[in-house]
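Chemist: Sequence first, predicted coordinates after that:
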Amino acid sequence: MKLLLLAALVASVAGTPTIPQAAKAMYNPDLSEGDIKGIAGQEPGHERAAILGDQYLWSGGVVPYVFGSSVSSSEQSVILDGMADFHAKTCVRFQHRSGEADYIEIVTNDSGCWSYVGTIGGQQRVSLDTYGCIYIGTVIHELMHAIGFYHEHTRNDRDDYVVIDFSHVISGMESNFNKDTYWRYVGEDYNYASIMHYGTYAFSDNWGIDATIVPTDPNVILTEAYDKYEMAQSDANEINTLYSC
Ligand SMILES: *[C@@H]1O[C@H](CO)[C@@H](O)[C@H](O)[C@H]1NC(C)=O
Ligand SMILES: [Zn+2]
């Protein structure tokens, strides 16, 4: 860990603002907040964390899935490892589809990492691009969108925890930091370590050098979803609250 931090520091001092492919894949300029393809229903509310409206949750906490034909067996094993984190900590179950009308199709041949938030009805895709998305943290992040969660850093209370430095946000990308207004609160405080929290250079015009998400607590180091290996316990608690188990 120390070595990694040192390497990151050296890279930032050396000043080569190369955006890693794993980050590029999550920061799609044409999608909402980088990786949200759409939101099931849009009912105004004033709470936070998860989607409003029980009709947008997966019935019984069961998420039927299929793999698109492009998904290789090694990709499948990373994706199944991501699902296993849900199975270990929450009551949500990803089950291979057997005829259910509502299900996710996981594809690796589309561009970028993205998902819808909540169930939209019928087939919905979760994109885990071969180039940049086959990381367990990214898998868990996108699947957590699919079951109804937004980003941690767009919670209504985020200004108490992070400062968004808009002076370094890529011009035109500012709306990716809009706070969401269609949320319900599912019982956990803001958590910097949430799998739904982006890293410190999200949408930065100078990746690796100029932070865009600056924690108010100077001891906190934010990491990208792809650098995480499991969901936070607070994420699991929120899932279990949302799905009443
Ligand atoms: C990706 O694969 C799916 C089948 O799983 C196919 O329907 C789709 O057209 C492919 N998309 C691209 C962009 O090739
Ligand atoms: Zn996301």
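Modeler: That came through, no problem. Ligands and ions are numbered 1, 2, ... in the order given.
Chemist: Of all the residues in this structure, which one is nearest ligand 1?
Modeler: Gly68 (2.7 Å; C-beta to the nearest ligand atom). Backbone N, C-alpha and C define where each C-beta goes, glycine included.
Chemist: Who are the contact partners of that residue?
Modeler: The contact partners of Gly68, taken as C-beta atoms under 8 Å, 6 or more residues apart in numbering, are Glu105, Ile106, Val107, Thr108, Asn109.
Chemist: isn't Tyr65 right up against Val107?
Modeler: No - judged on C-beta atoms under 8 Å, Tyr65 makes no contact with Val107 at a distance of 11.1 Å.
Chemist: and the longest helix for this structure?
Modeler: For the chain, the helix with the greatest residue count under DSSP state H is helix 73-89.
Chemist: Need the residues that contact that helix.
Modeler: So helix 73-89 is contacted by 67, 71, 92-94, 106, 108, 128, 130, 134-136, 139-140, 143, 230-231, 233, 236, 239 (C-beta under 8 Å, 6+ apart).
Chemist: Name the strands paired with the helix or strand following it and say parallel or antiparallel.
Modeler: Using DSSP states H and E, the helix or strand that follows helix 73-89 in sequence is strand 93-96. If you go by DSSP bridges, strand 93-96 pairs up with strand 62-67 (parallel).
Chemist: moving C-terminal of the lowest-mean-pLDDT helix or strand in the chain, what's the next helix or strand?
Modeler: Every helix and strand of the chain was ranked by mean pLDDT, DSSP states H and E. The lowest is helix 2-14, at a mean of 45. Moving toward the C-terminus from helix 2-14, the first helix or strand encountered (DSSP H and E) is helix 21-24.
Chemist: Now the most centrally placed residue in the chain: which helix or strand?
Modeler: The centroid of the chain falls nearest to His141 when counting by C-alpha atoms, centre = their mean (3.5 Å). Using DSSP H and E, His141 sits within helix 136-146.
Chemist: what residues are up against Ile51?
Modeler: Per C-beta under 8 Å, 6+ apart, neighbours of Ile51: Ile39, Ala40, Gly41, Leu57, Val117, Gly118, Gly148, Phe149, Tyr150, Tyr182, Trp183, Arg184.
Chemist: Quick check: beta-bridge partners of it?
Modeler: Using DSSP bridges, the bridge partners assigned to Ile51 are Trp183.
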